[in-house]
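Novice: need a 3D model of the sequence below.
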Amino acid sequence: MGLLSQFLLRLAFGLAVGMAITSSRQVTSGFYRNHLYVTLGLTTLAAMVLAKISPIEMWIAIAAAIISYIGSAAWLYEAKRFGKLTLWLVAACSITAAILAQLTVTTTGHLQWWSALSVVTSGLVLGLVFASMLLGHWYLVQPGLRRAALKEIVIWTAIMWPFEVAVFLWPTGVIQMFTGAVDDGYNGLLAWVWLVCAISTIGLVTMTWFALRERYYSAVMAATGLLYLAILTGFGMDLIPRAVLAP
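Specialist: Residues are numbered from 1 along each chain as shown. Sure thing, here's the model as predicted:
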């Protein structure tokens with residue numbers, strides 16, 4: 001259950017950051033208003049999971065849910081500056097709760113910092129891919145939307161990908177799954193599945209970038225479909241090592 005709550009909080013964090021860095025001058029307020037309800041759902045579910053596990057993290061998750069609702073109302077009334085602030089507050093609350101939950105199962109000093117970093121990097125990769133997919137769908141609502149907004153999130157996803165890979169390789173990670181030092185229960189098969197997921201994620205993100213360079217409107221829909229697949233491979237990239245290496 002702890003793994004589920006952390007996953008939900010990381011996803012909420014990354015999604016909030018993805019929306020926060022998206023220009024409200026290019027994207028209509030409805031995008032932020034509607035998808036703050038997604039962070040509301042994610043953080044509410046995380047709080048329910050954390051209720052009997054970590055009361056402090058539960059209340060932080062509840063705060064993120066409340067701020068998500070307030071932020072959605074702010075975007076409804078076109079209060080863009082305040083709306084942007086709520087996005088960053090949702091991100092801050094979500095990542096704080098996720099890191100605290102992670103640190104409760106990591107006791108060694110230097111490993112605590114590395115675990116906290118892994119929470120941030122994985123949250124950004126997962127959330128940015130998710131945010132870019134949702135933004136791709138928003139082109140159905142706002143057909144005249146410039147592609148620059150979507151391209152920016154895709155670029156940031158690609159930038160964060162190597163950091164996400166690094167935190168799962170060292171100090172105790174997928175490399176040990178390959179060598180057999182850590183038993184995944186399937187004779188190292190899950191290590192290879194993780195490698196396929198990692199390569200597929202950056203490959204799909206790269207293909208999305210090239211698709212967005214095409215002038216045709218259908219290219220945006222193709223890019224959105226690629227991002228759908230990137231979400232699935234990104235989930236595998238994040239969850240497989242966490243499940244195997246969980247204390």
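Novice: would you pull up how far stretch 119-136 lies from the middle of the chain?
Specialist: Relative to the mean C-alpha coordinate of its chain, stretch 119-136 is positioned 4 Å out (CA atoms, centre = their mean, to the nearest Å).
Novice: now L134: closest residue in space, sequence neighbours ignored.
Specialist: H35 (5.6 Å; CB to CB, 6 or more residues apart in numbering). For the C-beta atoms, the positions are set from N, CA and C on the backbone; glycine is no exception.
Novice: hmm, I was thinking of A222
Specialist: The nearest residue in space to A222 (CB to CB, 6+ apart) is A211, at 4.9 Å.
Novice: what's the domain layout of the chain?
Specialist: Following automatic domain parsing, one gets these domains for the chain: 1-105, 109-247.
Novice: mean pLDDT and mean neighbour count added to those, as a markdown table?
Specialist: Shown next, in a markdown table, are the domains of the chain (pLDDT from 0 to 100; neighbours: other CB atoms under 10 Å):
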| stretch | mean pLDDT | mean neighbour count |
| --- | --- | --- |
| domain 1-105 | 94 | 21 |
| domain 109-247 | 89 | 18 |
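Novice: measure the most centrally placed residue in the chain to R25 for me?
Specialist: For the chain, G127 is the residue whose C-alpha lies nearest the centre (CA atoms, centre = their mean; 2.1 Å). G127 sits 22 Å away from R25, going by CB to CB, to the nearest Å.
Novice: now the strands for the chain?
Specialist: Taking DSSP state E as the criterion, the chain contains no strands.
Novice: who are the packing partners of the top helix by length along it?
Specialist: Taking DSSP state H as the criterion, the chain has its longest helix at helix 109-141. If you count contacts as 3 or more CB pairs under 8 Å, 6 or more residues apart in numbering; DSSP states H and E, helix 109-141 packs onto helix 2-20, helix 29-50, helix 80-103, helix 148-169, helix 189-212, helix 218-245.
Novice: can you state the direction angle for it and helix 80-103?
Specialist: 140 degrees (axes from the mean of the first three to the mean of the last three CA atoms, to 10 degrees).
Novice: next, the angle from helix 109-141 to helix 29-50.
Specialist: Angle of helix 109-141 versus helix 29-50, following the same axes, to 10 degrees, is 140 degrees.
Novice: skip the chain neighbours and tell me the closest residue to A148.
Specialist: Leaving aside its sequence neighbours, A148 sits nearest to Q26 (CB to CB, 6+ apart; 6.7 Å).
Novice: my guess is L103 contacts S115, does it?
Specialist: Yes - counting by CB atoms under 8 Å, S115 is a contact partner of L103 at 6.6 Å.
Novice: since that was my last question, I'll sign off now.
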